[in-house]
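this is the structure alone, sequence omitted:
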């Protein structure tokens, strides 16, 4: 099939899914979960081929681990699908309803977006994850996985489509672009006749490509510099624990701390303790001149910050440190250095907390909490499609509701406009 | 100023506007409204220059009328600004709030989008309209009006910026790209570093250009084929009145009726009456073969539909007519012929009404009502920024709320993630 045909099939499937009752969608998801476990031999054999090819091409151990499936991981993926079954279906609920002066009952009803295109890298669980979330919300999906998981994804998609067919749902509801070549990605990004939203799941490079090439709305997200500001008067003992958690709980995550801003009044007390805590976790500090002077004697490795350091999302055991005069200077730093994801203030001042909440340009702003909470599961959304750092449609963790749109419904008695 | 500098100024202004209280924003709007009336001599003189240039370039009378300002129209524009003052400010309200199991209070608070870019044609009232709606919602705006209104817009923007300065708000809050040249539009569409949303107000060509060139989310809308389906069992006398209203109330509007679908069982009774009603309003009918046979004897002008007719948004006194077997065939037609804006079913069947509501792919779906209601004022939104026909962010008429995003706010007591 070419992209035009895939688009047509997806749109036709989307019309059917939009009117498929929750029970039927859930039944297909349960079939899918069971079929994933039943097809474990085929899936794991395909995964072994991908792993072998990846090893031959010299991919690093971390990446190999992300590619790798085993029976336990496959079971976890199937269980994730069963979890999606347990979530409430947002489709059909009404956002609001009112009766206009002319007697028209006007409401907004949640509907699926239609067709969702997803471009992702490496991890094969994304294939099942996205297909399940889209199916639950009545959306057709067109998937484009990474080259490294080609064989695994072929098997996974086969299982998904068999589950759809067994439940008399259109196989066009989940389609996978298996052919190699960047032109398939470029083509998908311009398929605005059929596709309603593009979700890139990958690094900034993939997001940039989508922004530049797509004629379809793109959800940009999953990255950004995260900041913590320790205010004068904060509980410094507990502040260190929050900083430690935000930095070292999972350093590779996009909501991990990148830059620590410290109020000048507490720097001399906080920074030596910070150095000790960070040394224990092998975190290297990258400090501005003023912070460097206070950190130099501590046990943690430290170097002077250079141009670009405060623009860097470290995704590892490095932490920028800078002294600021007050909450306003902290906010000025956030704005200059592209805060867009998760930022926190550690303070006991009500007014500074409110200043920070309103002034920080980020998708998620915390008061006295770790930045690590920005996550669909932590926020109780039940599932996470992506973490948006743009301001249109959805911001921050996106769950099932964010895979829906709405339509206006006006009901009346042969009403005309005067 | 170049675009980069305009973007920087807009972003800086947006940070200030985001924290400006409603009262201060309203005061600036009131100053603006008064100043527009006070500056009537300068504005009308500039408008006269635009009109003269337009006449020389041979622009048609309809377009000249859209360009033209007079004291009454200027007063109406100022009153529109005063109306915006009276609307509730959505910024700062909370969408929802909950306490998570770990004790974190998690809420979503409405915030401005940031910087809105608007590209529009002809009518100078759009300049004031958009600037006022953006200011009310704490957004900075970068405006690009049509060449035809250059002098008028220069005067209008001068008044706006004076009103901002008088109220100690940053002048960068409203900026206007006056330089000629398509490269300014292309540049604005790629200013994703500073601009959060692009609203094109114009025809499909402008929307297509924005879709293709923008690296910023674009709100697509304002056009689409509108359909009415007359079901078996409908009140045919009142159905004619609704069709007449939908077609002839304002034929040039995007929510005016383009195609009438008629259930076969009522066609022989409905179509002769329709012909009489349409003949009175000088509407030409464009009919499929079956409808043509029933319309041929009537007084209205009628011709056989050809390829492309049912894909045409008439924007004038033409109406497509087609016979269908039932609601399902009507929905199939809607899907094939790109329904996306406003569609209505005229029926007495509860189940067919529900089928149509759920099956129509449009932003606004009506039961027994004219399509002409798709409009911010009619829907009680108080103001209309655009009518979106895409599914992301907002669909249908967009009011003040649709000029906002939200941020997640997590408040706790030095909480870390386990």
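Yes, it's here. Remember, predicted model here, so these are calculated numbers, not experimental data.

just say helix, strand or coil for the closest residue to residue A:17 other than its chain neighbours.
In space, and not counting its chain neighbours, residue A:17 is closest to residue A:138: 4.3 Å by C-beta to C-beta, 6 or more residues apart in numbering or on different chains. Heads up, the C-betas are built off the backbone N, CA and C, glycines and all. Per DSSP: H, G, I helix; E, B strand; the rest coil, the local secondary structure of residue A:138 is coil.

what helix or strand is the residue lying closest to residue A:359 once chain neighbours are set aside on?
Distance criterion C-beta to C-beta, 6+ apart; nearest residue to residue A:359, sequence neighbours excluded, is residue A:331 at 4.2 Å. Remark: residue A:331 resides in helix A:327-336, with elements defined by DSSP states H and E.

the next helix or strand after that helix packs against which elements?
Next helix or strand after helix A:327-336 toward the C-terminus (DSSP H and E): strand A:339-346. Where contact means 3 or more C-beta pairs under 8 Å, 6 or more residues apart in numbering or on different chains; DSSP states H and E, strand A:339-346 is packed against strand A:225-230, helix A:236-248, helix A:327-336, helix A:350-359, strand A:364-369.

tell me which strands the strand ranked longest in chain A pairs with, and in which orientation.
Criterion DSSP state E: the longest strand present in chain A is strand A:404-415. When pairs are called by DSSP bridges, strand A:404-415 turns out to pair with strand A:105-112 (antiparallel), strand B:364-369 (parallel).

off-centre distance for it?
Distance, stretch centre to chain centre, for strand A:404-415: 33 Å (C-alpha atoms, centre = their mean, to the nearest Å).

quick check: angle from that strand to helix B:350-359?
140 degrees (axes from the mean of the first three to the mean of the last three C-alpha atoms, to 10 degrees).

so what angle separates the directions of strand A:404-415 and helix B:236-248?
Per the same axes, to 10 degrees, the angle that strand A:404-415 makes with helix B:236-248 is 120 degrees.

picking that back up, a markdown table for the strands paired with strand A:404-415, including mean neighbour count and mean pLDDT?
Listed next are these as a markdown table, based on neighbours: other C-beta atoms under 10 Å in any protein chain shown; pLDDT from 0 to 100:
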| stretch | mean neighbour count | mean pLDDT |
| --- | --- | --- |
| strand A:105-112 | 20 | 98 |
| strand B:364-369 | 28 | 98 |
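
for residue B:200, find the nearest of the ones you listed.
strand B:364-369 (19.9 Å; C-beta to C-beta).

what lies in contact with that closest one?
Outside strand B:364-369, the residues that touch it by C-beta atoms under 8 Å, 6 or more residues apart in numbering or on different chains are A:104, A:407-416, B:242, B:255, B:341-347, B:353, B:356-357, B:371, B:373-374, B:396.

got a PyMOL select line for the buried ones in these?
Command for PyMOL that selects the buried part of the contacts of strand B:364-369, burial taken from 16 or more other C-beta atoms under 10 Å in any protein chain shown:
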select buried, (chain A and resi 104+407+408+409+410+411+412+414+415+416) or (chain B and resi 242+255+341+342+343+344+345+346+347+353+356+357+371+373+374+396)
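
what sits closest to residue A:188 if chain neighbours are left out?
Taking C-beta to C-beta, 6+ apart as the measure, residue A:188 lies nearest to residue A:117, with 5.3 Å between them; neighbours along the chain are not counted.

list the contacts for the one you found?
By C-beta under 8 Å, 6+ apart, the contact list for residue A:117 reads A:141-142, A:144, A:188-189, A:191, A:195, A:197-199, A:216.

can you pick out the most distant pair from the residues you listed?
The span of the contacts of residue A:117, defined through C-beta to C-beta, is set by A:141 and A:189 at 15.1 Å.

which one of the strands paired with strand A:404-415 lies closest to residue B:164?
Counting by C-beta to C-beta, residue B:164 lies closest to strand A:105-112 out of the strands paired with strand A:404-415; the figure is 34.3 Å.

ok now that closest one, how far from the chain's centre?
On the basis of C-alpha atoms, centre = their mean, the separation between the geometric centre of strand A:105-112 and that of its chain is 27 Å.

dump the residue contacts of residue A:196.
Listed by C-beta under 8 Å, 6+ apart, the contact set of residue A:196 reads A:113-116, A:216-217, A:405, B:390-392.

of those, which is the most crowded?
Each of those was scored for neighbours by other C-beta atoms under 10 Å in any protein chain shown, and residue A:115 scores highest at 30 neighbours.

any idea which of the strands paired with strand A:404-415 gets closest to residue B:301?
Nearest of those to residue B:301, taken as C-beta to C-beta: strand B:364-369 at 27.3 Å.

residue A:158: neighbouring residues, count only.
Using other C-beta under 10 Å, residue A:158 has 16 other residues around it.

tell me which residues touch it, please.
Under the criterion of C-beta under 8 Å, 6+ apart, the neighbours of residue A:158 are residue A:39.

name the nearest residue to residue A:206, ignoring sequence neighbours.
Of all residues not flanking residue A:206 in the chain, residue A:200 sits nearest, at 4.7 Å (C-beta to C-beta, 6+ apart).

tell me the secondary structure of that neighbour, please.
Of the three states, residue A:200 takes strand under three-state DSSP.

so what pLDDT did it get?
The per-residue pLDDT reported for residue A:200 equals 94.

was I right about it contacting residue A:210?
Yes: contact between residue A:200 and residue A:210 holds when scored by C-beta atoms under 8 Å: they sit 4.6 Å apart.

mind listing the shared neighbours of those two?
Both residue A:200 and residue A:210 are contacted by A:119, A:218, A:220, under the criterion C-beta under 8 Å, 6+ apart.

what packs against the helix or strand of chain A with the lowest mean pLDDT?
The helix or strand of chain A with the poorest confidence is helix A:61-67; it has a mean of 87 (mean pLDDT, DSSP states H and E). When contacts are defined as 3+ C-beta pairs under 8 Å, 6+ apart, helix A:61-67 packs onto helix A:40-56.

next, the buried residues of the helix it packs on.
Residues of helix A:40-56 classed as buried by neighbour count (16+ other C-beta under 10 Å): A:40, A:43-44, A:46-47, A:50-51, A:54.

so what does it touch, helix or strand wise?
helix A:61-67, helix A:71-86, helix A:150-166.

now, of those helices, which is deepest in the fold?
helix A:150-166 (a mean of 21; mean count of other C-beta atoms under 10 Å in any protein chain shown).

from what I see, residue A:1 and residue A:8 are in contact.
No: with contact defined as C-beta under 8 Å, residue A:1 and residue A:8 do not form a contacting pair (9.2 Å).

residue of the stretch 1-150 of chain A closest to chain B, please.
In the stretch 1-150 of chain A, the residue found nearest to chain B is residue A:113; the distance is 5.0 Å by C-beta to the nearest C-beta.

need the contact list for that residue.
Contacts here follow C-beta under 8 Å, 6+ apart; on that basis residue A:113 touches A:137, A:139, A:196-197, A:403-405, B:391-392.

what segments of the stretch 151-300 of chain A are helices?
For the stretch 151-300 of chain A, the helices identified by DSSP state H, counting those that start in this stretch occupy A:182-189, A:204-213, A:236-248, A:264-280, A:289-295, in order along the chain.

what comes up buried for the last one?
Yep, that's helix A:289-295 we're talking about. By neighbour count, with 16+ other C-beta under 10 Å as the criterion, the buried positions of helix A:289-295 are A:290-292, A:294-295.

now swap in the fourth one and tell me
If you call a residue buried by 16+ other C-beta under 10 Å, then helix A:264-280 has these buried ones: A:266-267, A:270-271, A:274-275, A:277-279.

from the residues you listed, which is closest to chain B?
Compare each of those with chain B using C-beta to the nearest C-beta and the shortest gap goes to residue A:277, at 12.8 Å.

okay, that closest one: pLDDT?
The predicted structure scores residue A:277 at 98 on the pLDDT scale.

if I look at it, how far off is residue A:300?
Spatial separation of residue A:277 from residue A:300 under the definition C-beta to C-beta, to the nearest Å is 8 Å.
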